[in-house]
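>>> with the sequence up front, the predicted model follows.
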Amino acid sequence: MKRLFVAVLFLSLSTVACETKVKTTSACGDGVLDPGEGCDGAVFSVQRCTDLGFYEQQGELSCRPDCSLDLTVCTGTCGDGIIQTGFSEQCEGADLGGKSCQGLGLGLGTLSCTAACRLDTSGCELAGTCGDGVVNLFDEDCDLTDLDGQTCGSLGQYDGTLACAAGCTWDFSGCGGACGDGVIQEDHEACDEVDLGAATCRDSDFFSGTLVCAGDCTLDTAGCADATTLTGGYIHTCAVLSNGGVRCWGANNNSQLGTGDSVERPTPAAVANLASAEAVSAGNTHTCALMGDGGVRCWGNNDESQLGDGTTNLSSTPVTLSLTGVTTLEAGVYHTCVVRTDGGVWCWGDNDYQQVSQGSGDQATPVAVAGLGPAQAVAAGEHHTCALLADGTVRCWGRNNFRQMGNTDSSAVQAIPAVVVGLTGVTQLAAGNNHTCAVLGDGSARCWGSNDQGQLGNGTTTGSTSSPVQVSGLSGVTALAGGAHFTCARLLDGTVRCWGDNDYGQLGVGTTTDSSLPLAVPGLTAVDALGLGDSHACAVSGGLVWCWGYNEDGETGDGTIRNNQLSPVQTRP
């Protein structure tokens with residue numbers, strides 16, 4: 001009875017088990033490469049057509065719905081019935097390309113095609129074999145000691161001993177190498193393919209750029225360039241190259257270097273996606289470039305709308321402004337201004353003291369400055385702006401707490417551009433944080449505004465001066481540049497004089513003592529351009545850059561940080 005019960009129970013359970021449905025799912029489409037699948041979604045068994053024996057690829061490989069590879073982008077392969085001579089095919093199946101044993105000088109016999117699309121001469125009467133000591137010129141380079149009269153030199157190699165390898169192919173190991181082998185042969189080559197040795201553009205007397213190796217293994221300097229102009233920000237520096245590129249270095253905490261990141265650079269780095277620049281100007285933590293087509297591009301900090309793109313969003317790469325016809329560009333500490341071809345001045349950014357416009361609030365896009373005649377240049381400080389007009393006079397607007405306006409009006413703010421008194425025949429302007437200086441047609445210089453550290457250069461440290469004073473002992477001035485609380489001038493003879501604050505060695509004279517009178521910067525000659533930051537300075541001489549002063553973050557570009565440079569050092573490539 002017990003046995004009967006067990007049997008019935010077993011049959012009952014078996015019936016239930018057989019009636020249970022099992023759910024099955026196709027493996028294709030699960031994103032996992034299973035046996036028999038060439039691909040599955042974004043997962044591929046191979047990455048390139050060449051992995052499958054094809055010669056060329058006309059696009060990206062794709063996966064069909066049935067998890068097979070779509071090979072329509074793959075072209076040319078041994079076995080496709082077409083002789084691809086450009087890929088070393090000699091035949092295809094029965095197609096011998098018109099060749100025969102007799103045609104190849106190998107006597108009678110049967111020529112055939114191998115699976116690798118190479119002619120098989122083993123059936124020819126005079127084919128010979130590798131190792132018989134006689135060169136079969138059809139499919140052998142050499143044979144034992146028979147080199148067919150060739151040498152290392154005749155085969156494009158440098159001097160040495162040519163030999164024949166076991167497969168009757170050339171053995172170049174005893175030769176002196178060749179141009180194109182990726183190894184620099186110092187007796188014959190300056191470079192080889194991507195191997196430039198330790199060579200840089202600087203070795204060829206260029207400031208920076210991209211050095212490459214030419215096909216004849218000589219250095220190609222076409223991508224190298226000299227520095228032409230430069231600018232200094234609060235703690236960063238930028239230079240325009242002769243090829244229109246821009247290199248920046250120093251602090252990058254607000255992406256003011258334009259490299260697409262926020263990584264500090266103690267040596268110059270290329271600004272991303274920027275070419276055909278003509279000039280560059282740096283504010284506190286933002287930078288703008290004047291382009292060859294008259295447009296403007298800016299990058300870096302934008303909390304005061306100083307990038308002018310209508311937002312307050314930081315940008316680690318250049319953004320394009322809706323401006324055309326720009327001729328000159330100048331960045332203040334938190335705002336930026338330009339002059340356009342019609343002489344109009346347009347500004348944007350921080351407007352707490354009407355240094356941008358007579359309106360209220362920051363200006364996120366460029367606005368025209370009212371109350372100005374045609375201008376030829378502009379200078380921007382921390383909270384003030386000045387314009388050099390076509391008639392050689394100067395007008396200023398904005399904050400006036402240090403008498404930055406250069407007139408007798410003691411108002412804290414002057415929203416309407418006002419004439420700087422007693423100043424005519426001006427050829428160039430430069431602004432510091434709270435002072436401004438001008439070059440006159442006779443080569444002398446005048447300055448006004450804050451003077452607590454001698455930045456006006458008249459031998460005093462008077463708190464501020466409301467009217468322009470002459471810089472003492474200075475003549476033959478061709479250009480001026482303003483730092484936060486110091487000033488530098490380039491003279492006709494190519495030398496540089498600096499005065500004012502020197503806490504970090506920014507006067508370049510080897511000390512940290514302030515000077516209210518211009519001092520010659522030793523070792524600098526043939527200077528073409530100047531650019532001053534908050535507390536550091538740089539100069540272009542012979543296409544190269546020299547910097548000095550504050551160097552906590554690599555502002556001098558010589559590869560060092562945390563050590564101020566009291567005298568000029570050469571910026572690295």
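Okay, I see it. Numbering: from 1, shown residues only.

>>> just checking, what packs against the host helix or strand of residue 56?
Using DSSP states H and E, the element containing residue 56 is strand 54-57. Judged by 3 or more Cβ pairs under 8 Å, 6 or more residues apart in numbering; DSSP states H and E, strand 54-57 is in contact with strand 74-77. Backbone N, C-alpha and C define where each C-beta goes, glycine included.

>>> and the strand it packs on, which strands flank it?
strand 54-57 (antiparallel) (DSSP bridges).

>>> which residues sit against the strand it pairs with?
48, 49, 50, 71, 73, 74, 75, 76, 77, 84, 86, 87 (Cβ atoms under 8 Å, 6 or more residues apart in numbering).

>>> specify the local secondary structure of the nearest residue to residue 314 once chain neighbours are set aside.
Distances taken as Cβ to Cβ, 6 or more residues apart in numbering place residue 302 nearest to residue 314, at 5.3 Å, with adjacent residues excluded. Under the three-state scheme (DSSP: H, G, I helix; E, B strand; the rest coil), residue 302 adopts coil.

>>> contacts only, for residue 280.
229, 230, 231, 238, 239, 240, 246, 287, 288, 289, 290, 329.

>>> and with 7 Å instead?
229, 231, 238, 240, 246, 287, 289 (Cβ atoms under 7 Å, 6 or more residues apart in numbering).

>>> just the pLDDT for it.
Residue 280 carries a pLDDT value of 98.

>>> wait, a strand at it?
Yes. Judged by three-state DSSP, residue 280 forms part of a strand.

>>> state the distance from it to residue 337.
Note on residue 280: its distance to residue 337, by Cβ to Cβ, to the nearest Å, is 14 Å.

>>> pretty sure residue 207 is touching residue 545, no?
Yes. Residue 207 is within contact range of residue 545, at 6.1 Å (criterion: Cβ atoms under 7 Å).

>>> which one of the two has more residues nearby?
Neighbour totals were compared for residue 207 and residue 545, and residue 545 leads with 29 against 25 (other Cβ atoms under 10 Å).

>>> work out for me the element the more buried one sits within.
Using DSSP H and E, residue 545 falls within strand 544-549.

>>> paired strands for that strand, with orientation please.
Sheet partners assigned to strand 544-549 using DSSP bridges are listed as strand 536-541 (antiparallel), strand 565-570 (antiparallel).

>>> what's in contact with the first one?
Applying Cβ under 7 Å, 6+ apart, the contact partners of strand 536-541 are 227-228, 230, 232, 237, 483, 488, 496, 498, 506, 508, 524-531, 545-551, 555-556.

>>> ChimeraX command for the buried members of these?
In ChimeraX, this line selects whichever of these come out buried by 16 or more other Cβ atoms under 10 Å:
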select :227,228,230,232,237,483,488,496,498,506,508,524,527,528,529,530,531,545,546,547,548,549,550,551,555,556
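
>>> list the ones among the contacts of strand 536-541 that fall in helices.
If you go by DSSP state H, the contacts of strand 536-541 have nothing in helices.

>>> among the contacts of strand 536-541, which are in strands?
227-228, 230, 232, 237, 488, 496, 498, 527-531, 545-549 (DSSP state E).

>>> let's check: the centremost residue of the chain is which one?
Central residue of the chain (Cα atoms, centre = their mean): residue 270, 2.5 Å from the mean position.

>>> mind listing what that one touches?
Counting by Cβ under 7 Å, 6+ apart, residue 270 has contacts 245, 247.

>>> common neighbours of residue 207 and residue 545, please.
Common neighbours of residue 207 and residue 545 (Cβ under 7 Å, 6+ apart) are residue 227.

>>> outline the domain layout of this structure.
With domains defined by automatic domain parsing, the chain comprises 32-77, 190-224, 227-570.

>>> ranges for the helices of the stretch 1-150 of the chain?
Using DSSP state H, counting those that start in this stretch, the helices of the stretch 1-150 of the chain run over 2-19.

>>> check which helix or strand covers residue 397.
strand 394-399.

>>> and that strand, how far from the chain's centre?
Offset of strand 394-399 from its chain centre (Cα atoms, centre = their mean, to the nearest Å): 36 Å.

>>> hmm, who's touching it?
The contact list for strand 394-399 (Cβ under 7 Å, 6+ apart) reads 353-355, 372, 383-389, 404-406, 413-420, 423, 426, 429, 436, 438.

>>> kindly calculate the angle that the strand holding residue 545 makes with strand 227-232.
Angle, strand 544-549 to strand 227-232, by axes from the mean of the first three to the mean of the last three Cα atoms, to 10 degrees: 20 degrees.

>>> list the contacts of strand 544-549.
Outside strand 544-549, the residues touching it (Cβ under 7 Å, 6+ apart) are 207, 227, 230, 237, 239, 504-506, 508, 524, 535-539, 555-557, 564-571.

>>> repeat the analysis, applying 8 Å as the threshold.
Residues outside strand 544-549 that contact it (Cβ under 8 Å, 6+ apart): 202, 205, 207, 226-227, 230, 237, 239, 504-508, 521, 524, 533, 535-539, 555-558, 564-571.

>>> ditto for stretch 167-174
Contacts with stretch 167-174, where a contact means Cβ under 8 Å, 6+ apart, come from 130-131, 135-136, 139-143, 150, 152, 155, 157, 160-165, 178.

>>> which of these fall within strands?
Per DSSP E, the subset of the contacts of stretch 167-174 in strands is 163, 164.

>>> among the contacts of stretch 167-174, which ones are buried?
130, 135-136, 139-143, 152, 157, 162-164, 178.

>>> check the residues you listed and tell me the two furthest apart.
Using Cβ to Cβ, those span at most 25.1 Å, a distance reached by 136 and 178.

>>> can you lay out the contacts of strand 54-57 as JSON lines showing distance to residue 31, pLDDT and neighbour count?
Compiled in JSON lines, the contacts of strand 54-57 are given as follows (distance: Cβ to Cβ, whole Å; pLDDT from 0 to 100; neighbours: other Cβ atoms under 10 Å):
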{"residue": "48", "distance to residue 31": "21", "pLDDT": "84", "neighbour count": "11"}
{"residue": "49", "distance to residue 31": "23", "pLDDT": "88", "neighbour count": "21"}
{"residue": "50", "distance to residue 31": "25", "pLDDT": "83", "neighbour count": "13"}
{"residue": "71", "distance to residue 31": "21", "pLDDT": "91", "neighbour count": "16"}
{"residue": "73", "distance to residue 31": "22", "pLDDT": "89", "neighbour count": "15"}
{"residue": "74", "distance to residue 31": "23", "pLDDT": "91", "neighbour count": "21"}
{"residue": "75", "distance to residue 31": "29", "pLDDT": "88", "neighbour count": "15"}
{"residue": "76", "distance to residue 31": "31", "pLDDT": "90", "neighbour count": "16"}
{"residue": "77", "distance to residue 31": "29", "pLDDT": "93", "neighbour count": "19"}
{"residue": "84", "distance to residue 31": "36", "pLDDT": "90", "neighbour count": "17"}
{"residue": "86", "distance to residue 31": "38", "pLDDT": "77", "neighbour count": "9"}
{"residue": "87", "distance to residue 31": "35", "pLDDT": "82", "neighbour count": "13"}
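
>>> residue 103: which of these is nearest?
Taking Cβ to Cβ as the measure, residue 103 lies nearest residue 84 of these, at 20.5 Å.
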